[in-house]
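A.B. asks: Compute the structure for the input listed below.
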Amino acid sequence: MYKILLATDGSDHSKKVVEKGLVIAESLNAEVTVLTVVGEYVFSPRVSVQFSDDNWQTINKHLKEEADGVVEEAARPFREKGLITHTEVVMGHKSPADAICDMAREGKFDLIILGSRGLRGIQEMFLGSVSNRVAHMGCSSVLIVK
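C.D. replies: All right, here's what the predicted structure looks like:
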């Protein structure tokens, strides 16, 4: 079965990614995994003395809940079409591009679909983007949705 990894960050632009991904997945009757990557916060006395480890755990819990909502919302149209659909939230300290490529390799995905821009906006034009990095890492075929 053809396997698609669809990366989303919950931005308005990522809705276009879902729309394009749905057309492709439906035409191929593909199995789809919807992924988002979230940075995890850890306690560091050098960074903040106002927050305890419990505060950081609470923040991370809320970030995870929000991320779960992002992937569930993006997965809904695929499930409504009867496609096999999974969701995945990666939390940690990897860059989004590294996390996406690691999952693509480990899961032996045939195609990665992601947006040309996301939550970071115009800044990405100057600093390099997740989509550009994923495309150049060679971890799978990549479709960048504009």
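A.B. asks: what packs against the helix or strand hosting Ile24?
C.D. replies: Assigned by DSSP states H and E, Ile24 belongs to helix 14-28. Secondary-structure packing of helix 14-28 (3 or more C-beta pairs under 8 Å, 6 or more residues apart in numbering; DSSP states H and E): strand 3-7, helix 53-80, strand 111-115, strand 141-145. Any C-beta I mention is one placed from the backbone N, CA and C, and that applies to glycine too.
A.B. asks: Can you say which of the ones you listed is packed in most?
C.D. replies: strand 3-7 (a mean of 27; mean count of other C-beta atoms under 10 Å).
A.B. asks: what sits opposite the residue nearest the centre of the chain in the beta ladder?
C.D. replies: With distances taken as C-alpha atoms, centre = their mean, the residue of the chain nearest its centroid is Thr36 (2.6 Å). Under DSSP bridges, the beta-bridge partners of Thr36 are Val89.
A.B. asks: what's the next secondary structure element after the helix or strand bottoming out on mean pLDDT in the chain?
C.D. replies: Every helix and strand of the chain was ranked by mean pLDDT, DSSP states H and E. The lowest is helix 123-127, at a mean of 43. Next helix or strand after helix 123-127 toward the C-terminus (DSSP H and E): helix 130-137.
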